[in-house]
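Colleague: please find the sequence and the predicted model below.
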Amino acid sequence: MTKDTSLRAVGWAQTFPVSQGVRAGRRWTREHLASLKWTEDAPETVDAILLSVSELITNAHVHAHSDAQLVLTWDSHCLHVSVHDSDPLPPAKQPEDLTMTGGRGLAIVDALADGWTTHPQASGKTVTACFVPPGAPKPRHGGDVS
């Protein structure tokens, strides 16, 4: 039997205005993740994705003062979670300060995702995090999601 090496991809996109907050983004993401078969066997990965979606949408709303365009793309290897906002400045990790009540979003995404990157664009930037389901090979490119 010949191994099928064709790429099967599926994706979803939705805009979340500042007025909607992150709750709608998490709910929307959870609904779409339910269609991926590996989510039943990997609830901890789903939780990591949902928390990352919350952090990335929050960053778009709070730091960029922008709507957040959320795109989920499953390419049979990695679930790419991309959030676009209108601020052209790249996100910056904040120094660790246990007295601060915020500023940990990017560190959380960094800890949960198998890799992440930022893509500057004419209308702002897109931050993309990659999540590989359990048992699948991890990205060979050092975790960067270029």
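Modeller: Nice, thanks for sending it over. Numbering: from 1, shown residues only.
Colleague: how close does Pro137 sit to Thr118?
Modeller: In this view, Pro137 and Thr118 are 24 Å apart by CB to CB, to the nearest Å. Bear in mind the C-beta positions are built from the backbone N, C-alpha and C, glycine included.
Colleague: more neighbours, the two?
Modeller: For Pro137 versus Thr118, neighbours defined as other CB atoms under 10 Å are more numerous around Thr118 (15 against 7).
Colleague: is the more buried one bridged to anything, and to what?
Modeller: Residues in a beta bridge with Thr118, per DSSP bridges, are Val127.
Colleague: so who does it touch?
Modeller: Counting by CB atoms under 8 Å, 6 or more residues apart in numbering, Thr118 touches Pro90, Pro91, Lys125, Thr126, Val127, Thr128.
Colleague: mind doing that once more with 10 Å?
Modeller: Under the criterion of CB atoms under 10 Å, 6 or more residues apart in numbering, the neighbours of Thr118 are Leu89, Pro90, Pro91, Ala92, Leu106, Lys125, Thr126, Val127, Thr128, Val145.
Colleague: may I ask which of those has the most neighbours?
Modeller: Going through the contacts of Thr118 with other CB under 10 Å as the criterion, the one with the most neighbours is Val127, at 25 neighbours.
Colleague: wait, isn't that residue in contact with Leu89?
Modeller: No: Val127 sits out of contact with Leu89 when judged by CB atoms under 10 Å, with a separation of 11.7 Å.
Colleague: in the helix or strand hosting Trp28, what's buried?
Modeller: Applying DSSP states H and E as the criterion places Trp28 in helix 21-33. Of the residues in helix 21-33, those buried by neighbour count under the rule 16 or more other CB atoms under 10 Å are Val22, Gly25, Arg26, Trp28, Thr29, His32, Leu33.
Colleague: go on, stretch 71-84?
Modeller: Residues Val71, Leu72, Thr73, Trp74, Cys78, Leu79, His80, Val81, Ser82, Val83, His84 are the ones in stretch 71-84 that count as buried (16+ other CB under 10 Å).
Colleague: next one: phi and psi at the fourth one?
Modeller: Recorded main-chain torsions at Trp74 are phi -110, psi 120, according to degrees, to the nearest 10.
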